[in-house]
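Asker: here is my input, please return the structure:
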Amino acid sequence: MSIETVQVSADHPYEVLIGHHLHDRIPALVGDGVRKTAVLHPPTMVDAAERVVHALSEAGIEPVRIDVPDGEAAKTAQVAARCWSVLGSAGFTRSDAVVGLGGGSTTDLAGFVAATWLRGVRLVTVPTSLLAMVDAAVGGKTGINTPEGKNLVGAFYEPVGVLCDLDTLTDLPIPELRSGLAEVVKCGFIADPEILTLVETDPAAALDPSGPVLAELVRRAVQVKATVVSADLRESTSVGTRVGREALNYGHTLGHAIEQHEHYRWRHGEAISTGMVFVAELARRAGLIDTDLVERHRSVLSALQLPTGYRADAYAELRALMAVDKKSRGSTLRFVVLHGLARPAILAGPEPELLAAAYAAIS
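Answerer: Numbering: from 1, shown residues only. Below is the predicted model:
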């Protein structure tokens, strides 16, 4: 596969490169005049981090490796503070840079550290999981979690470039590929139905990390996200039922609540998969979509062996957790729903009976 380039035309335009053997391109993205670059990575990415460190050293840039915990454990104020301490001890200035190498949690943390150190240094994200490639690493959202919820502390901060090296997917466990594909399927429902067709035609090919179908799915999902964030970087254009960047949160209101309820034992994509079926049921009961589209949610996600339901006894706690969702306004819950395939909309303040009925349909 040749290198595909997707342009993100937000406040500070940058490119997302999709292909193979891309680590050697990191020094060029970091840019001229950079003396030092911090490489944040989890323990599972030691070998890849060594390749990045070597490439930076060869280019005359001093690398500073920072090991961070794997998964959501990286996204805490304590870990961010430790990263700031390393940058301070190493004498990082505004002309230096941060590279986030790893899954979505690592790129979220790296972006937050880059955004806050000296009020902003250059950032390159190198996502190594499917979920990070199509979601976390593209779009300029950075953040950490608090005990009260997921991603409640963060900043909009754009990278200078994103490298999606498809070689890193060959060692990814199948459950992680499935989790990432939930976000890909989301892009199909909100913007690009061809994604759904590709998955429906051959679900096994969609899960083949070395095959052309998954590469095409990555490109399409990145293009969807790039188009949406280029038009609305800071989620500022949703008015009434019109929806901007918030469309990317399709399935996330309940999904984030499930993640928190599970203490993050569920993978992100697993929770979002269930969340998408929930809002499909909600939209059907609100008269916005038909039963066929609801069932298409279940069939596409089930074909990838992703969950489509959750425990009936958890509703009260999940309802409370949804109340602190970032899309809420005061006491009004707001959900991204569909008003037809690839037609996202906002449903604000649905009746409690409607919410309960939609949840009952997935429990």
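Asker: packing partners of the worst-scoring helix or strand of the chain on mean pLDDT?
Answerer: Across the helices and strands of the chain, mean confidence by mean pLDDT, DSSP states H and E is lowest for strand 149-156: a mean of 88. For strand 149-156, the packing partners by 3 or more C-beta pairs under 8 Å, 6 or more residues apart in numbering; DSSP states H and E come out as helix 104-116, strand 141-146, helix 252-261. C-beta: built from backbone N, CA, C; applies to glycine.
Asker: give me the residues contacting the last one.
Answerer: Counting by C-beta atoms under 8 Å, 6 or more residues apart in numbering, the neighbours of helix 252-261 from elsewhere in the structure are 149-151, 266, 268, 271-276, 278-279, 310, 314, 317-318, 321-322, 325, 327, 333-336, 359.
Asker: that older thread, for the least confident helix or strand of the chain, which positions count as buried?
Answerer: In terms of neighbour count (16 or more other C-beta atoms under 10 Å), strand 149-156 has its buried residues at 149, 150, 151, 153, 154, 156.
Asker: likewise stretch 282-297?
Answerer: Residues 282, 283, 284, 285, 286, 288, 289, 293, 294, 296, 297 are the ones in stretch 282-297 that count as buried (16+ other C-beta under 10 Å).
Asker: and the helices and strands packed on strand 149-156 as TSV, adding mean neighbour count?
Answerer: Shown next, in TSV, are the helices and strands packed on strand 149-156 (neighbours: other C-beta atoms under 10 Å):
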stretch	mean neighbour count
helix 104-116	27
strand 141-146	22
helix 252-261	25
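Asker: want to throw those into CSV with distance to residue 127 and mean pLDDT?
Answerer: CSV is the format used below for those (distance: least, C-beta to C-beta, whole Å; pLDDT from 0 to 100):
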stretch, distance to residue 127, mean pLDDT
helix 104-116, 6, 96
strand 141-146, 13, 92
helix 252-261, 18, 95
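Asker: closest to residue 199 out of these?
Answerer: Taking C-beta to C-beta, helix 252-261 is the member of the helices and strands packed on strand 149-156 nearest to residue 199, at 18.7 Å.
Asker: which stretches of this structure form helices?
Answerer: 26-30, 46-58, 77-89, 104-116, 130-131, 174-190, 193-201, 203-206, 212-231, 252-261, 268-285, 291-303, 315-322, 352-360 (DSSP state H).
Asker: buried only: go through the contacts of helix 252-261 for me.
Answerer: The buried subset of these - by 16+ other C-beta under 10 Å - is 149-151, 266, 268, 271-276, 278-279, 310, 314, 318, 321-322, 325, 327, 333-336, 359.
Asker: for the least confident helix or strand of the chain, the distance to its chain's centre please.
Answerer: 13 Å (C-alpha atoms, centre = their mean, to the nearest Å).
Asker: could you do stretch 246-259 as well?
Answerer: Remark: stretch 246-259 is offset 11 Å from the chain centroid, using C-alpha atoms, centre = their mean.
Asker: need the helices of the chain in JSON lines (columns: distance to residue 64).
Answerer: Listed next are those as JSON lines, based on distance: least, C-beta to C-beta, whole Å:
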{"stretch": "helix 26-30", "distance to residue 64": "13"}
{"stretch": "helix 46-58", "distance to residue 64": "9"}
{"stretch": "helix 77-89", "distance to residue 64": "7"}
{"stretch": "helix 104-116", "distance to residue 64": "12"}
{"stretch": "helix 130-131", "distance to residue 64": "26"}
{"stretch": "helix 174-190", "distance to residue 64": "28"}
{"stretch": "helix 193-201", "distance to residue 64": "39"}
{"stretch": "helix 203-206", "distance to residue 64": "38"}
{"stretch": "helix 212-231", "distance to residue 64": "29"}
{"stretch": "helix 252-261", "distance to residue 64": "31"}
{"stretch": "helix 268-285", "distance to residue 64": "29"}
{"stretch": "helix 291-303", "distance to residue 64": "41"}
{"stretch": "helix 315-322", "distance to residue 64": "38"}
{"stretch": "helix 352-360", "distance to residue 64": "47"}
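Asker: distance of the nearest residue to residue 105 once chain neighbours are set aside from residue 138?
Answerer: Counting by C-beta to C-beta, 6 or more residues apart in numbering, the nearest residue to residue 105 once its immediate chain neighbours are dropped is residue 74, at 4.8 Å. Using C-beta to C-beta, to the nearest Å, we find residue 74 at a distance of 19 Å from residue 138.
Asker: same deal with residue 56?
Answerer: In terms of C-beta to C-beta, residue 56 sits 22 Å off from residue 138.
Asker: same check on residue 309?
Answerer: Residue 309 sits 29 Å away from residue 138, taking C-beta to C-beta as the criterion.
Asker: out of those two, which sits in the busier spot?
Answerer: Just comparing residue 309 and residue 138: by other C-beta atoms under 10 Å the higher neighbour count belongs to residue 138, 27 against 14.
Asker: how close does the more buried one get to residue 184?
Answerer: In terms of C-beta to C-beta, residue 138 sits 13 Å off from residue 184.
Asker: got it, and residue 137?
Answerer: For residue 137, the distance to residue 184 - C-beta to C-beta - is 14 Å.
Asker: between the two, who's got more neighbours?
Answerer: Comparing residue 137 with residue 184 by other C-beta under 10 Å, the one with more neighbours is residue 137, at 32 against 29.
Asker: pull up the per-residue confidence for the more buried one.
Answerer: pLDDT recorded at residue 137 is 78.
Asker: and for the one 10 residues further on?
Answerer: The model reports residue 147 with a pLDDT of 87.
Asker: give me phi/psi at it?
Answerer: Torsion angles at residue 147 (phi, psi; degrees, to the nearest 10) stand at phi -60, psi -20.
Asker: give the burial count for it, as a bare number.
Answerer: Neighbour count for residue 147, taken as other C-beta under 10 Å: 7.
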